[in-house]
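Asks: would you be able to build a 3D model of this:
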Amino acid sequence: MAFSVFLLLLSAVAVLGQIPRLAAQCPGYRATNIVQGDSSLVADLILIGNCSLHSKDVEKLRLLVEYQTDTRLHVLIADAGNDVYQVQEHVLPRPKSQNIDAKGAALKFSFTENPFTFNVTRASTGEVLFDTSDSPLNFETQYIRLRTSLPQNPNLYGLGEHSDSFRLPTDDYTRTLWNAESPFIPNRANLYGSHPVYFEHRGDSGTHGVFLLNSDGMDILIDKTESGQQYLEYNAVGGVFDFYFLAGPEPASVSKQYAEVVGLPAMMPYWTFGFHQCKYGWQTIDHVAQVIANYSAADIPLETVWGDIDYMNSKRIFTTDPSRYPLDKVRALVDSLHKNNQHYVQILDPGVNRINNYGTYTRGAEKGAFLRAADGSYYRGLQWPGEVVWPDWFAPNTQDWWNNEIHTFYDPSTGIDVDGLWVDMDEASNMCPDTTCLTSASSITPLGWTPRRPPPRPRGRQALAPRQSSPPPTDSKLGLPNRDLFNPTYRIASHRGALSSYTLYTNITNADGTHQYDTHNLYGNMMATATRRALLARHPAKRPFVLTRSTFAGGGRAAAHWFGDNASTWDHYRTAIRQMLAFAAVHATPMVGSDVCGFNGNAEEHMCARWTMLGAFQPFFRNHADVSAPDQELYRWPVVADVARRAMDVRYRLLDYLYTAVWRASVEGAAAVSPLWFWYPGDAATWGVETQWVLGDGLLVSPVVDDDSQTVSYYLPKDVWYDFWTGERVVSKGEIKTVEGVGWGDIPVHIKGGSILPMRVKSANTTAELRTQNFVITVAPGTDGIAKGELYLDDGESLDVGDEKSEISFTWDGQGFQAKGAFGYDTDVVVERVVVLGDGASRTKEGPWGLREGFDFHL
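Replies: Residues are numbered from 1 along each chain as shown. Below you'll find the predicted structure:
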């Protein structure tokens, strides 16, 4: 049978779901030339016999196994010639190997030679964590596949970005990783980011993580065989098998180990933890000023105002509309915000309008900063301003061009003195639905386009590159030649359809010789990173703030993330919790949150009230809505306004506690937000909980989640707890609590026994004012009568604070309280009192105690 006919047959049987079965029958590879060292293993893998399910088999592979640390095992399976694409080191730097002796490692690698399969076991118990023995691997030019067996009904988490359950389904479930603009964040679909990492929790026997460093489009299948064997299977359209296995065994340890691989998240400026307000559809700068005044009149703290694309002239980045957002008025508004210790952030999209009298375009063209089609012309598509070109983040001069545009437009003396930048549409989103777009633009109504301003027609026919890629240099890791870069035979299950639908054409060659086919999922990370670098060039000593919609593994190193264009529904209110848990606990991105009250549709008063209080206990707290949605600022409903004042009061008093948690994430990868099973790994009742979360180390948040309800049921693990609002001590045997009559501004919150919470005595209207308020320390003794906590203080904005920081640890031994640590941050703020919760009335010790040195006392 001819190869092409064979592929057609395989495509037909794929519709019937037979590809996994056929793949399992492929002969695979045999291992030879095996060299075993104390801390590594290398071998050649030789194809046993032809399989070619979707493309041509790669005949020779190379295996590398590294015992990098006591708890991290690296397994790389790549082509022997190193031509298959691998994520560039400068895009995601690899962690350094400590080359530890395999005999002392927490994980063990073993394999069979013919056919080659491997497994990873936990050394302390012999438990198999990853096992490919039931199905040899496939490694083709445009299709790679690997399956691992799993225990029955496994507890799997991660593989974002998605809007599905936090604990992943295990029957007939597909997670597709291909970044895509996804209005209304549909379920069981690929969304804005790709994070090919999962945590598997096995109760008391431990938790481990598996990260596949591969940016190509892929389907990850979680299902059972006909015989009932549970499995997880990777099916990717390219790239290599570049695995990092993380031993844990504590859940929190896996978070830290993963952050060590992809990079510790960036520390955020103090002001970013305040409340933010945005709206697509603020038609004039005068309207924005009125919103700010309304918040002040309503006595609702407003830390940051955001500018969506309304401010732009014809929706071109680095411009202002001369009539609706004249530059002098925007500058005056920003100056007014800064005088009131408030902040301003603007949006940037990657699409650059292709017109010759537009400086951002002409300067980018001079720098060679844009992606090109095969004939050398700029690759063109549609975005908000009409016909656009896109930055090539791999091109050598793109960063200089981007730095210059940001430095010039946001020059404090002549431009808009922004405090941070928001990068959107960076999947990259293209309003062209397919590769015929520019030949039929007159019939296109781009996704999300508002009828009041239709796009101009693109000029001329788009030059399409050949479907096959040209040969890269040998040993380049840039991608194999002769691939169909538009329509690989294996089609991932993207809800957008073909790979190039609503995004950049996947046959585009980047400046370094790679293709969008392989690098598509990196575009958002690279834009966010370039924007962070530009902000650092603008203010080298200040901590940058970047918010991004699109992400890949390691995205937290450069930016905060919000969960895209959700809807104003109770369902998406609940989804926000699941997404926060995934990103903060699994994906090493702590500064996250959803659009409070929802982005699309009409926000209802009681739902918005609940969401506002929920948002107060999440890291990133922003209200935002679409141009098609009614205004939903928090002062617009009486109930919501009352709730907002209470929400801001508690958030701001807790802000240093949250700031400390995110700082801890930035220095060691600890989860600033975590699920209950992180803290009670042996309690099976916690494993599926996805509507509660632990904020920092000591606060359990359990919001009302049912539609229009004033009743909440939540789980309290076996422990001692304290009602955050009343201080009442609650001893739980591990039980579900049901509370009725929960007001719209109420939310059950408990302090975990054994915790110490530093809080500001009073709230404030801005974070700058908040920083002048004194502290009260709340001690919540555990079952053993002791407690601990910490507080981190710095100036809130410096990139490198040096020794000018305070890292204070608090301890309570049952009788005495102690504060010690490093006290390098100079402050006049003091601890006014320490409150120790207990069985009866709380015990209080009045201060003040300064925060320039340690102190202790006995009650």
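Asks: for the rest of this, base every contact and every neighbour count on C-alpha atoms.
Replies: Will do.
Asks: Thr569 against Ala603, yeah?
Replies: Yes. Judged on CA atoms under 8 Å, Thr569 makes contact with Ala603 at a distance of 7.3 Å.
Asks: and for Ala764, the neighbour number?
Replies: 18 (other CA atoms under 10 Å).
Asks: check contacts around it.
Replies: Listed by CA atoms under 8 Å, 6 or more residues apart in numbering, the contact set of Ala764 reads 301, 649, 652, 770.
Asks: rewinding a little: joint contacts of Thr569 and Ala603?
Replies: Common neighbours of Thr569 and Ala603, counting by CA under 8 Å, 6+ apart, are Cys597.
Asks: contact partners for Ile508?
Replies: Counting by CA under 8 Å, 6+ apart, Ile508 makes contact with 371-374, 379, 465, 515-517.
Asks: swap in 7 Å and give it another go.
Replies: 372-373, 515-516 (CA atoms under 7 Å, 6 or more residues apart in numbering).
Asks: and what of Glu140?
Replies: By CA under 7 Å, 6+ apart, the contact set of Glu140 is 52, 55-58.
Asks: pLDDT for the contacts of Ile508 - can I get that in a markdown table?
Replies: As requested, these are exported to a markdown table (pLDDT from 0 to 100):
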| residue | pLDDT |
| --- | --- |
| Arg372 | 93 |
| Ala373 | 86 |
| His515 | 96 |
| Gln516 | 97 |
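Asks: among those residues, which one sits closest to Glu226?
Replies: Checking the contacts of Ile508 against Glu226 with CA to CA, the nearest one is Gln516 at 37.1 Å.
Asks: quickly find the element holding the closest residue to that closest one other than its chain neighbours.
Replies: Using CA to CA, 6 or more residues apart in numbering and skipping the chain neighbours, the partner closest in space to Gln516 is Thr506 (4.6 Å). Counting by DSSP states H and E, no helix or strand carries Thr506.
Asks: wait, a helix at Met759?
Replies: No. Counting by DSSP: H, G, I helix; E, B strand; the rest coil, Met759 is not part of a helix but strand.
Asks: list the residues that contact it.
Replies: Taking CA under 7 Å, 6+ apart, we find Met759 in contact with 653-654, 656-657, 775-777.
Asks: just the residues you listed: which are in strands?
Replies: Of the contacts of Met759, the ones assigned to strands by DSSP state E are 775-777.
Asks: out of those residues, who has the most neighbours?
Replies: Counting neighbours by other CA under 10 Å, Phe775 comes out on top of those with 25 neighbours.
Asks: surely it meets Arg760?
Replies: Yes. Shown here, Phe775 and Arg760 form a contact pair, counting by CA atoms under 7 Å, at 4.3 Å.
Asks: neighbours around Arg578, how many?
Replies: Here the count is done by other CA under 10 Å, and Arg578 has 23 residues near it.
Asks: am I right that it is in contact with Phe166?
Replies: Yes. Counting by CA under 7 Å, Phe166 is a contact partner of Arg578 at 5.2 Å.
Asks: what do those two both touch?
Replies: Common contact partners of Arg578 and Phe166 (CA under 7 Å, 6+ apart): Glu690.
Asks: which one among the contacts of Met759 gets closest to Ser149?
Replies: Ser149 lies nearest to Tyr657 out of the contacts of Met759, by CA to CA, at 41.3 Å.
Asks: how near is the nearest residue to the closest one once chain neighbours are set aside to Ser809?
Replies: Of all residues not flanking Tyr657 in the chain, Pro758 sits nearest, at 6.1 Å (CA to CA, 6+ apart). Plainly put, Pro758 is 10 Å away from Ser809 if you go by CA to CA, to the nearest Å.
Asks: now do Ile300
Replies: 33 Å.
Asks: looking at those two, which is more packed in?
Replies: Per other CA under 10 Å, whichever of Ile300 and Ser809 has more neighbours is Ile300, with 23 against 17.
Asks: what stretches of this protein score poorly on pLDDT?
Replies: 1-22, 24, 438-475 (pLDDT under 70).
Asks: how about 80 then?
Replies: Applying pLDDT under 80 to the chain flags the ranges 1-25, 374-375, 438-475, 839-841.
Asks: out of the contacts of Glu140, who's nearest His624?
Replies: Ser55 (45.3 Å).
Asks: you'd agree the closest one is up against Ile144?
Replies: No. With contact defined as CA under 7 Å, Ser55 and Ile144 do not form a contacting pair (9.6 Å).
Asks: doesn't Asp335 belong to a helix?
Replies: Yes. The assignment for Asp335 (three-state DSSP) places it in a helix.
Asks: tell me how many other residues crowd it.
Replies: So Asp335, with other CA under 10 Å, has 19 neighbours.
Asks: kindly report the same for Gly816.
Replies: Neighbour count for Gly816, taken as other CA under 10 Å: 12.
Asks: partner residues bridging it?
Replies: Bridge pairing for Gly816 (DSSP bridges) gives the partners His858.
Asks: wait, what's in contact with it?
Replies: With CA under 7 Å, 6+ apart, Gly816 has these contacts: 857-859.
Asks: any idea which of the contacts of Ile508 is closest to Thr176?
Replies: Comparing the contacts of Ile508 against Thr176 with CA to CA places Gln516 closest, at 17.3 Å.
Asks: thought the residue nearest to Gln516 was touching Asn487?
Replies: No. Using CA under 7 Å, Thr506 makes no contact with Asn487, being 9.3 Å away.
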